[in-house]
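Peer 1: Sequence and predicted structure below; questions after.
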Amino acid sequence: MSLSIMRYGIVALPLLYSLTASAREPSTLPWADDPYSRMKAMAMLQSLNADLLSHPSATLTLERWCGAHHLAHDAKVVARRVRGANKPLPEGARELLGIGADEVVRYRQVQLVCGNLVLSEADNWYVPSRLSDEMNRELDGTDVPFGKVVQSLHFRRQTLSAELLWSPLPPGWDVEGASLPPSTQEPLRIPTHVLQHRAILVAQDSRPFSLVVESYTSNVLAMPSTVLRPTP
């Protein structure tokens, strides 16, 4: 079940140091499973979530995140379309899009990649009859991001939900007297997807034309191993 967004304190990142850090992309090491690391991971996820919600472009937000956290030598995020992908329209989507049972809906999946890291996977269901022929041709035949293709619609984004799919800390961790999980000798186990946003895109004429589900991966926490825990 999705976890609600919680308040957090500012703490520092506890990653191990490696003398053999390496080659084409900054090397990374697993997060330690201790209270310090869990607090830092929570703070970072909350910070990323807030940035994504306060800016219209997920691509540019991830690009800034990639650069600020040194996820790649070249902090540039590119869209990579997953050709042949297909997912059924989610339950209730036709009502959200304001379309009937017979209206054609198309699907498109795009990954946002920084260096060699996939930072997010975007599932997009859209109504081709509400787009121009040129837009539909570009969506069918190119890897251009959806938002760029339809930007002339002067659309607005209506967020439906923004949820943590994983919390480094247990429910009630910030209640007075609560204890954090004890340290272990194992790496912190982080699932493939850690954060998810759902939104409807609405054109200037107030007609919705797209449902998008953006799932952010654990790679948003793939910090370089050269980042050290400050000395007490």
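Peer 2: Structure received. Residues are numbered from 1 along each chain as shown.
Peer 1: from here on, contacts and neighbour counts on C-alpha atoms
Peer 2: OK.
Peer 1: What is the longest helix along the chain packed up against?
Peer 2: In the chain, with assignment by DSSP state H, the single longest helix is helix 35-54. If contacts are counted by 3 or more C-alpha pairs under 8 Å, 6 or more residues apart in numbering; DSSP states H and E, helix 35-54 sits against helix 58-68.
Peer 1: Outside of the lowest-mean-pLDDT helix or strand in the chain itself, list whatever touches it.
Peer 2: Using mean pLDDT, DSSP states H and E, helix 146-149 stands out as the lowest-scoring helix or strand of the chain, at a mean of 87. The set of residues external to helix 146-149 that reach it, using C-alpha atoms under 8 Å, 6 or more residues apart in numbering, is M135, E138, L139.
Peer 1: pLDDT and distance to P224 added to these, as a markdown table?
Peer 2: Formatted as a markdown table, those follow (pLDDT from 0 to 100; distance: C-alpha to C-alpha, whole Å):
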| residue | pLDDT | distance to P224 |
| --- | --- | --- |
| M135 | 96 | 39 |
| E138 | 93 | 37 |
| L139 | 93 | 35 |
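Peer 1: from those residues, which single one is nearest F155?
Peer 2: Nearest to F155, judged by C-alpha to C-alpha, of the contacts of helix 146-149 is M135 at 14.0 Å.
Peer 1: Could you double-check that that closest one sits in contact with V150?
Peer 2: Yes: assessed by C-alpha atoms under 8 Å, M135 is found in contact with V150 at 6.7 Å.
Peer 1: Just the pLDDT for C66.
Peer 2: C66 is assigned a predicted lDDT (pLDDT) of 94.
Peer 1: can you count the residues close to it?
Peer 2: If you count neighbours by other C-alpha atoms under 10 Å, C66 ends up with 27.
Peer 1: distance of the closest residue to A93 other than its chain neighbours from S37?
Peer 2: What sits nearest to A93 in space, not counting adjacent residues and going by C-alpha to C-alpha, 6 or more residues apart in numbering, is L211, at 7.3 Å. The spacing between L211 and S37, counted by C-alpha to C-alpha, to the nearest Å, is 35 Å.
Peer 1: can you tell me the average pLDDT over the strand or helix carrying A79?
Peer 2: When elements are assigned from DSSP states H and E, A79 belongs to strand 77-81. Across strand 77-81, pLDDT averages out at 90.
Peer 1: buried sites along the very next helix or strand once past it?
Peer 2: Next helix or strand after strand 77-81 toward the C-terminus (DSSP H and E): helix 93-97. For helix 93-97, a neighbour-count test (16 or more other C-alpha atoms under 10 Å) marks R94, L97 as buried.
Peer 1: again, but for stretch 191-202
Peer 2: By neighbour count with 16+ other C-alpha under 10 Å, stretch 191-202 contains the buried residues H193, V194, L195, Q196, H197, R198, A199, I200, L201, V202.
Peer 1: Neighbours of the closest residue to the fourth one other than its chain neighbours, how many?
Peer 2: Pointing back at Q196 there. Of all residues not flanking Q196 in the chain, S215 sits nearest, at 4.5 Å (C-alpha to C-alpha, 6+ apart). Neighbourhood size, S215 [other C-alpha under 10 Å]: 22.
Peer 1: give me the low-pLDDT residue ranges for the protein?
Peer 2: 1-29, 225-232 (pLDDT under 70).
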